[in-house]
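K.L.:
Structure, please.
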Amino acid sequence: MMRKFLSVRILLLSVLAFIVPAVSRAQVSLGVSIRVGPPALPVYEQPPCPQEGYLWTPGYWAYGDDGYYWVPGVWVAPPRVGLLWTPAYWGWNDGVYVFHGGYWGPHVGFYGGINYGFGYRGVGFVGGEWRGGHFAYNTAVVNVNRTVIHNTYVENVHINNTVINNHTSFNGGNGGIQARPNAQEAAFEHENHVAATNEQQQHVQLAHSDHANFASANGGRPAHLAAASVNNYHSTTVNNFNNNRNVTNNNNRSVTDNNTRINQNNNHNVTNNNQRNVANNNFNGNHNQVANNRPAQQARPQQPQARPQPQARPQAQAQARPQAQPRAEGRPAEGGGHEPHR
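P.N.:
Predicted coordinates for the structure are as follows:
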């Protein structure tokens, strides 16, 4: 509920930023009030200027429905010749961090003393200047291809290592840049200012739509730090979105296909098992029905009675044979019974 309320508040304040008259924009601190300061400014390389007349607008931390998100630095065309860009910044005020939106004007005003680099050292701008309706680039601090853009010069500016190595992204409060507008910057606040162009607004919206830019997702180290132009950043963002969507779709398709294949196999197995079970049941049912329809078989006769065991034959008693009569010691003589002469 709190996040929804904050999102509505951010939306209303964003609308207010575009309806407030440009003349009073310098005196109004526009944006949201947050109690947690933005992350440190990341270190990055500046892409070369894509076209003569474009000015560099440094990257910064904006605030959205999921916390701080990085708006990459980008080369843009100014609303008209002669205008310079004053970057946005966060400032500590009465216990909250207040966002001060950037603007176009004839001079670079106060931007919290934040060292954004590439000519924005915390005070003023040394990356170039308007000369007779053409912008001249100081190649000592900005990245310009001099074979393409010839309106250049070199002015070596004093580098304060303390400032250069300070990546603090907010003004005032505990740990913030302790800077106040000087006399010139205070005077520049009363000049007529022009709001960010439609191209710049589109750039912020693109940055907000890319969740990878949020500090909650990147830990304060965004992957897309700068772009040569809004169109270039838009193409990169769209390509990344399409690649992520393709990866997601392919993963979802693979999961769906695998699940479908698994379901098909399961259904096939279930169907086969069901069909097999039904077929078996039908077979068993038909078999039982056929068996039931067969005429009942006559009962087989009982097993034949056991044959009587043959009686044991009576053992033949051996009759005693008559003993043989004793034979005479000699044969009888022929012719009668006389003993022979001795």
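K.L.:
surely His134 meets Ile149?
P.N.:
No: contact criterion CB atoms under 8 Å: His134 and Ile149 do not qualify, at 10.2 Å. Any C-beta I mention is one placed from the backbone N, CA and C, and that applies to glycine too.
K.L.:
Pick out whichever of the two has more residues nearby.
P.N.:
Ile149 (19 against 10; other CB atoms under 10 Å).
K.L.:
picking that back up, could you name every residue contacting both of His134 and Ile149?
P.N.:
Residues touching both His134 and Ile149 (CB atoms under 8 Å, 6 or more residues apart in numbering) are Glu52.
K.L.:
Break down the stretch 51-200 of the chain into its helices, ranges please.
P.N.:
161-164, 183-188, 198-209 (DSSP state H, counting those that start in this stretch).
K.L.:
which stretches of the stretch 101-250 of the chain aren't confidently modelled?
P.N.:
Within the stretch 101-250 of the chain, the ranges that satisfy pLDDT under 70 run 158-165, 236-250.
K.L.:
go with 90
P.N.:
Low-confidence segments of the stretch 101-250 of the chain, defined by pLDDT under 90: 132, 156-166, 232-250.
K.L.:
quick one: the strands in the stretch 101-250 of the chain?
P.N.:
Along the stretch 101-250 of the chain, the stretches classed as strands by DSSP state E, counting those that start in this stretch are 103-105, 128-131, 134-138, 152-153, 170-171, 226-227.
K.L.:
Can you say which of those is packed in most?
P.N.:
Here the criterion is mean neighbour count by mean count of other CB atoms under 10 Å, and of those the winner is strand 170-171, at a mean of 24.
K.L.:
From the contact counts, what lies against it?
P.N.:
Where contact means 3 or more CB pairs under 8 Å, 6 or more residues apart in numbering; DSSP states H and E, strand 170-171 is packed against strand 89-93.
K.L.:
now what about the strand it packs on, what contacts it?
P.N.:
With contact meaning CB under 8 Å, 6+ apart, strand 89-93 is reached by 29, 34, 37-38, 60-61, 97-100, 111-112, 114, 169-174, 176.
K.L.:
do the same with stretch 121-129
P.N.:
By CB under 8 Å, 6+ apart, stretch 121-129 touches 55-56, 84-85, 108, 111, 113-115, 118-120, 135-138, 141-142, 155, 157, 160, 163, 177, 179, 182, 185.
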